[in-house]
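Q: Here is my input, please return the structure:
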Amino acid sequence: MEIKILEKDVNHIRFLIKGVETPIVNALRRIMIAEVPTMAIEDVVIIENSSPMKDETLAHRLGLIPLKTDLDSYILPAICSCQSDLGCNKCSVTFTLDAETTDSPRTVYSKELKSDDLEIVPYSGDIPLLKLASGQKVRLEAYAKLGRGTTHAKWQPVSACTYRHSPTVRIDIEKCDLCEKCIKSCTKQILKKENKKIVLVNSDICDLCEECIKSCPTEGIQINKQVYIFKIESVGSLTPERIVIEAVKILNTKLDTIISQVSSFKKEKTV
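A: Numbers count the residues shown, from 1 in each chain. Alright, predicted model coming up:
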């Protein structure tokens with residue numbers, strides 16, 4: 001297997017992966033979307049809310065704020081020994097909001113949420129939560145917990161996670177008789193004749209129809225399908241690299257579980 005990073009910044013990564021079957025690649029994609037845990041606000045206790053926004057709507061908005069996540073310091077509530085509805089310092093982070101206005105109307109932003117862990121804060125402080133008119137006030141406590149996208153989309157660590165085939169088309173010069181049948185059969189027009197040989201123009205747009213292989217009478221064309229380009233965009237909770245690493249860990253755990261169960265089943269059958 002070969003991995004090559006093509007592009008990377010704070011919340012985005014694009015990399016090429018070779019020598020892996022499609023089911024494994026798709027499994028990684030699904031795990032990155034739905035099973036890599038992140039922090040999100042789950043429970044909200046409204047102490048006072050005289051704004052026009054309903055409590056339920058405000059709680060929903062708070063839950064959708066991307067929070068920076070520390071996977072090394074917190075555990076999932078399901079495996080925490082506290083088993084508390086609001087959690088403990090091992091599985092939960094408490095946020096408070098105390099906002100009011102006495103003069104002109106103003107907008108309350110996510111940066112006004114105060115966290116008891118300075119490492120777990122909103123990724124962006126400029127997310128508008130609600131508007132307050134003169135004399136209105138909102139006070140609340142919110143509890144953030146680790147969760148997975150399989151439970152709710154607010155725990156998804158990615159806003160985009162896709163892959164596409166980037167096949168490698170190889171033309172055997174010794175076998176090729178320059179009949180040009182492959183050029184005529186290619187629906188994407190990525191083959192052309194140049195300097196008495198067939199050359200590839202752009203393999204990235206190949207759709208794997210394999211018409212070039214079928215039309216070649218000398219079997220001089222081969223396509224390596226096990227080449228993929230991944231594109232991942234993080235919502236900001238985790239870095240793109242951490243999302244990939246965690247997805248691989250989760251996939252390995254799943255495979256180990258399958259191997260263990262199959263092995264135990266074989267032993268039972270033998271006995």
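
Q: for residue 41, which residues make a bridge with it?
A: Residues in a beta bridge with residue 41, per DSSP bridges, are residue 144.

Q: from memory it sits against residue 66, does it?
A: No. With contact defined as Cβ atoms under 8 Å, residue 41 does not count as touching residue 66 (10.5 Å). Yep, even glycine has a C-beta here, placed from its N, CA and C like the rest.

Q: domain assignment for this protein?
A: Here the domain parsing of the chain from automatic domain parsing is 1-35+157-167+226-271, 38-154, 168-224.

Q: Show me where the chain has its helices.
A: Remark: helices assigned in the chain by DSSP state H are 22-34, 55-63, 181-185, 211-215, 240-270.

Q: Let's have those helices in a markdown table, adding mean neighbour count and mean pLDDT.
A: Shown next, in a markdown table, are those (neighbours: other Cβ atoms under 10 Å; pLDDT from 0 to 100):
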| stretch | mean neighbour count | mean pLDDT |
| --- | --- | --- |
| helix 22-34 | 17 | 94 |
| helix 55-63 | 17 | 96 |
| helix 181-185 | 16 | 81 |
| helix 211-215 | 17 | 81 |
| helix 240-270 | 13 | 88 |
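
Q: contacting residues for the closest residue to residue 100 other than its chain neighbours?
A: Among residues not flanking residue 100 along the chain, residue 137 sits closest, at 3.7 Å (Cβ to Cβ, 6 or more residues apart in numbering). Contact analysis of residue 137 by Cβ atoms under 8 Å, 6 or more residues apart in numbering lists 48, 49, 50, 51, 99, 100, 101.

Q: what does residue 223 give?
A: Applying Cβ under 8 Å, 6+ apart to residue 223 gives the contacts 167, 168, 169, 170, 206, 208, 210, 212, 213.

Q: Buried members of those into PyMOL, please.
A: Buried members of the contacts of residue 223, defined by 16 or more other Cβ atoms under 10 Å, are picked up in PyMOL with:
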select buried, resi 167+169+206+212
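
Q: so can I have TSV of the contacts of residue 223 showing distance to residue 251?
A: Shown next, in TSV, are the contacts of residue 223 (distance: Cβ to Cβ, whole Å):
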residue	distance to residue 251
167	24
168	25
169	30
170	30
206	28
208	25
210	29
212	34
213	32
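
Q: from the contacts of residue 223, which ones fall inside strands?
A: Among the contacts of residue 223, the members falling in strands (DSSP state E) are 168, 169, 170.

Q: just curious, which of the residues you listed is nearest to residue 244?
A: Residue 244 lies nearest to residue 168 out of the ones in strands among the contacts of residue 223, by Cβ to Cβ, at 22.6 Å.

Q: The closest one reaches residue 224, doesn't it?
A: Yes. Under the contact definition of Cβ under 8 Å, residue 168 touches residue 224, with a separation of 4.1 Å.

Q: Quickly note the distance from the residue nearest the centre of the chain to residue 32.
A: Against the mean C-alpha coordinate of the chain, by Cα atoms, centre = their mean, the closest residue is residue 158 at 3.4 Å. Distance from residue 158 to residue 32, counting by Cβ to Cβ, to the nearest Å: 6 Å.

Q: what do those two both touch?
A: Common contacts of residue 158 and residue 32 (Cβ under 8 Å, 6+ apart): 232, 243.

Q: Identify the bridge partners of the residue nearest to the centre of the chain.
A: In this entry, residue 158 is beta-bridged to residue 234, by DSSP bridges.

Q: how near is it to residue 8?
A: In this view, residue 158 and residue 8 are 15 Å apart by Cβ to Cβ.

Q: Repeat that for residue 223.
A: Taking Cβ to Cβ, one finds residue 223 at 28 Å from residue 8.

Q: Next: residue 224.
A: Distance of residue 224 to residue 8, computed by Cβ to Cβ: 25 Å.

Q: wait, what's in contact with residue 222?
A: Residue 222 makes contact with 169, 170, 172, 213 under the criterion Cβ under 8 Å, 6+ apart.
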